[in-house]
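Q: Need the 3D shape of this:
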Amino acid sequence: MMKQMRENTKIILWIVVIAFVVTIFAVWGLDLQTGGLGPQANVIGKVNGTEVTPQQYQTVYNQISAQYRASAPDGSLSLTQQEQIREDAWNTIVRQLLTTEQIRRLQIGVSDEEIVTYLRTSPPNEIRQYFVDENGQFDFAAYQAALNNPEADWTAVEQLARERIPLIKLNQYLISQVHVSEYETRRLFEEQNTRMVVNYVSFPISSADVPESNPTDEQIKTYYDDHTDDFARTETALVEYVRIPIAPTERDKDDLVYTINHITGRIEAGDDFADLARTYSESHTAPVGGETGFLGRAARDSLVMDAVASMKIGDVSQRIDVTDGAYVVKLLEKKTEDGNELFRFQEIFIELTAGSVTRDSLSTLAEDVQTAAAADGDLNAAATAHGLTTEQTPPFAKGSFVAGMGFVPSVSRFAFNSEPDAISRVLSDEKNFFICRVVERKPATIQPVEDVREIIVTKLTLERRKEEVLRKAKAFHRTAAAPRISLHESSEQYGYTVARTDTFTVPEPVAGNPGFSAFAYAALALDDGAKSPPVESGDAYFVLEFVYRSEFDRELYVSQVQALRDRLFNQKAQQYIAYWFEKLEEESEIVDLRGAY
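A: Sure, this is the predicted structure:
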């Protein structure tokens, strides 16, 4: 087993990648603050009866948010990112618990010998970082010396290994179900490297001459019965809500003007523009001192570009007000290419946003509305009392975009974890506060045939067009497939046009089709001199004739075969473990109560 485990360290641990597993076990029981979940939230979810506490959730949230912050230029997180982290944290916990269940079910254990061997031969990254040489490389000798030090306490590291090894074993068990054949490897090589040329005749589906006639009720009912799953409607919710826009006030505009004037004053006093841009600018160019490279007129607001165009090299503008903020720019260079003016300049952009005082004031208003609505369940009355109005969403599915609101995961969680007439806490996205009331929830169902009649009529009409075009394509192919007759000769009999491709490979677009099209795969399958039966690809049927295929390059294949095999293996392993988790989740009882708090 340890030999397999050592070999497995060369392969991506897909069980870890897909599960997004972090080091939960080391801090699972710590008594941390709940970070925004109300004090009444003792349990925020269950996975097959196992309770998830706010402390567990917050621990994982903190770990993931630290990773997000490390990759952010200023270490800050937008509300959208925070929402994504909440979802990542929940999914991580669910999959960690499901993984732990499966380790128990499969009776995967860990012996002391395995722990020793693992630590001696495959030290985890959490430990490697403490044993690096002056070049920043892992110092294996120093690590071994520490392992052999009788004074060193390795209890925590042994616990880490005891938790990590079952994951490695489970990973090994799962990927042992994945196999890559020689046929698959060669097929991938040929897709990437075989260049082809074909002649073809196209039969656009839109060209079908189908008499106008409506399907009968019986035809519609037959199609409906044969395609019931196509008309399944997921569970939906409908909410009434109050929106309080987080909009900047005149005070925020005054603060913006003050900031910009302060910056221009420092520039006039001799401060370096690039240093000020790195310090103050909220443009993506801030890290490079506001340097834009050459830009055309359309690259910035017309007010900015008009100001730039009127400046001399080295000039610094005054404040340039635009809809979402204000700029100060310094012109570095200008030129003309192909009749178009191009400008290279430095910029400092300050966004006009609601300041902390404004946000606090609007947050207080939102809390007042929520408190009043929660007291008697009447959101409309609470809104009216505070000079606001309510709106109502159309029915929406869980986790989907909501017309009128946008993508607000917290609203979706609340709606699908609450009963009708429930009043939410104050929810928010980047631009709004929301207070919601669940109006109704409709369970998943099959839409009645009356509601999808027009869809079925459209589909049946398309089927008739395809049948007519395919009939013509088959009739042509019967003639074209005869021995010693070319596609051109057959086409002349029918008055069709033959086209020829340039050389192409399977991943490349061809004949109006995108890469990896049915057209390309049909061409790859053609034998020398053969013609294909009609192939549906995109919005047409095609009959193809072999013209040219490059020779199989065995030497190149041998040089690439291991990389191709590894690529296929990793793809299949990732897909298999994603499928494994999906089935686990389908068969498990997962209760998400986060929306209730």
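Q: The closest residue to residue 493 other than its chain neighbours: which element?
A: Of all residues not flanking residue 493 in the chain, residue 479 sits nearest, at 6.5 Å (CB to CB, 6 or more residues apart in numbering). Bear in mind the C-beta positions are built from the backbone N, C-alpha and C, glycine included. Element membership for residue 479 (DSSP states H and E) is helix 453-480.
Q: what residues does the next helix or strand after that helix touch?
A: Beyond helix 453-480 on the C-terminal side, the first helix or strand identified by DSSP H and E is helix 487-494. If you take CB atoms under 8 Å, 6 or more residues apart in numbering as the criterion, helix 487-494 is touched by 199-201, 476, 479-480, 482, 497-498, 531, 543, 545.
Q: I'd like the mean pLDDT over stretch 218-234, please.
A: For stretch 218-234, the mean per-residue pLDDT is 94.
Q: what does that stretch rub up against?
A: Residues outside stretch 218-234 that contact it (CB under 8 Å, 6+ apart): 215, 397-398, 442, 444-447, 449, 452-453, 455-457, 459-460.
Q: buried stuff in that stretch?
A: Neighbour-count burial for stretch 218-234, counted by 16 or more other CB atoms under 10 Å, picks out 220, 223-224, 231.
Q: And it, end to end?
A: Terminal residues of stretch 218-234 lie 27 Å apart, using CA to CA, to the nearest Å.
Q: Report the distance from it to the chain centre.
A: Centroid displacement of stretch 218-234 relative to its chain, using CA atoms, centre = their mean, to the nearest Å, is 31 Å.
Q: i'd like the first residue to be 497 from this point on
A: Yep, numbering from 497; the last one is stretch 714-730 now.
Q: Please point out which parts of the helix holding residue 975 sit buried.
A: For helix 949-976, a neighbour-count test (16+ other CB under 10 Å) marks 952, 955-957, 961, 964-966, 968-969, 972-973, 976 as buried.
Q: Repeat that for stretch 830-841.
A: Buried residues in stretch 830-841 (16+ other CB under 10 Å): 830, 838-841.
Q: of those residues, closest to residue 1009?
A: Of all those, residue 838 has the smallest distance to residue 1009: 36.9 Å, by CB to CB.
Q: Quick one: the helices in the stretch 497-646 of the chain, in order.
A: 498-504, 510-515, 550-567, 575-601, 608-617, 621-624, 636-643 (DSSP state H, counting those that start in this stretch).
Q: which secondary structure elements does the shortest one contact?
A: It stands for helix 621-624. If contacts are counted by 3 or more CB pairs under 8 Å, 6 or more residues apart in numbering; DSSP states H and E, helix 621-624 sits against helix 651-671.
Q: Poorly predicted segments of the chain, please.
A: For the chain, the stretches with pLDDT under 70 are 497-537, 569-570, 1091-1093.
Q: Centroid-nearest residue for it?
A: residue 580 (10.4 Å; CA atoms, centre = their mean).
Q: mind checking the end-to-end distance for stretch 780-788?
A: By CA to CA, one end of stretch 780-788 lies 9 Å from the other end.
Q: Pull out the buried residues from stretch 617-635.
A: If you call a residue buried by 16+ other CB under 10 Å, then stretch 617-635 has these buried ones: 618-619, 623, 627, 635.
Q: sorry, back to before: go through the contacts of stretch 714-730 and name the one nearest residue 795.
A: residue 893 (38.2 Å).
Q: which residues does the closest one bridge with?
A: Beta bridges link residue 893 to residue 732, judged by DSSP bridges.
Q: State the number of residues packed around it.
A: By the criterion of other CB atoms under 10 Å, residue 893 has 15 neighbours.
Q: for residue 750, same thing?
A: 11.
Q: again with residue 998
A: Neighbour tally, residue 998, other CB under 10 Å: 10.
Q: Can you pull the phi/psi pair for the residue lying closest to residue 1014 once chain neighbours are set aside?
A: Nearest residue to residue 1014, sequence neighbours excluded (CB to CB, 6+ apart): residue 1033, at 3.9 Å. Per-residue torsions, residue 1033: phi -150, psi 120 (degrees, to the nearest 10).
Q: how about residue 1033, what does it touch?
A: By CB under 8 Å, 6+ apart, the contact list for residue 1033 reads 1007, 1009, 1013-1015, 1018.
Q: Show me how to select, in PyMOL, the buried members of those residues.
A: Only the buried entries of those go into this PyMOL selection, using 16+ other CB under 10 Å:
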select buried, resi 1007+1009+1013+1015+1018
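Q: Per the annotation, how does the protein divide into domains?
A: For the chain, the domain assignment from automatic domain parsing gives the residue ranges 498-673+1085-1092, 691-707+948-1045, 731-743+852-939, 746-847.
Q: Just after the longest helix anywhere in the chain, pick out the following helix or strand.
A: Looking across the chain with DSSP state H, the single longest helix is helix 1050-1083. The element immediately downstream of helix 1050-1083 (helix or strand, assigned by DSSP H and E) is strand 1086-1088.
Q: Relative to the whole chain's centre, how far out is stretch 646-662?
A: Distance, stretch centre to chain centre, for stretch 646-662: 36 Å (CA atoms, centre = their mean).
Q: measure residue 739 to residue 862 for me?
A: Here residue 739 is placed at a distance of 10 Å from residue 862 (CB to CB, to the nearest Å).
Q: overlap in contacts of those two?
A: Taking CB under 8 Å, 6+ apart as the criterion, residue 739 and residue 862 both touch residue 929.
Q: one step back: wait, which of the domains of the chain is closest to residue 1067?
A: Of all the domains of the chain, domain 498-673+1085-1092 sits nearest to residue 1067, with 10.2 Å by CB to CB.
Q: would TSV of the contacts of helix 983-990 with distance to residue 590 be doable?
A: Shown next, in TSV, are the contacts of helix 983-990 (distance: CB to CB, whole Å):
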residue	distance to residue 590
695	54
696	50
697	53
972	55
975	59
976	56
978	61
993	57
994	57
1027	53
1039	51
1041	54
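Q: sorry, back to before: ok, which pair from the buried residues of stretch 830-841 is furthest apart?
A: 838 and 841 (10.5 Å).
Q: Residues that sit against both of these two, list them.
A: residue 791.
Q: circling back to that earlier point, could the buried residues of stretch 617-635 be laid out in a markdown table, adding distance to residue 915?
A: A markdown table is the format used below for the buried residues of stretch 617-635 (distance: CB to CB, whole Å):
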| residue | distance to residue 915 |
| --- | --- |
| 618 | 51 |
| 619 | 52 |
| 623 | 49 |
| 627 | 56 |
| 635 | 60 |
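Q: Looking at these, spot the one nearest residue 923.
A: Distances from residue 923 to the buried residues of stretch 617-635, taken as CB to CB, are shortest for residue 623 (42.1 Å).
Q: Out of the contacts of residue 1033, the closest to residue 823 would be?
A: Nearest to residue 823 among those is residue 1009, at 45.1 Å by CB to CB.
Q: Alright, I will stop here.
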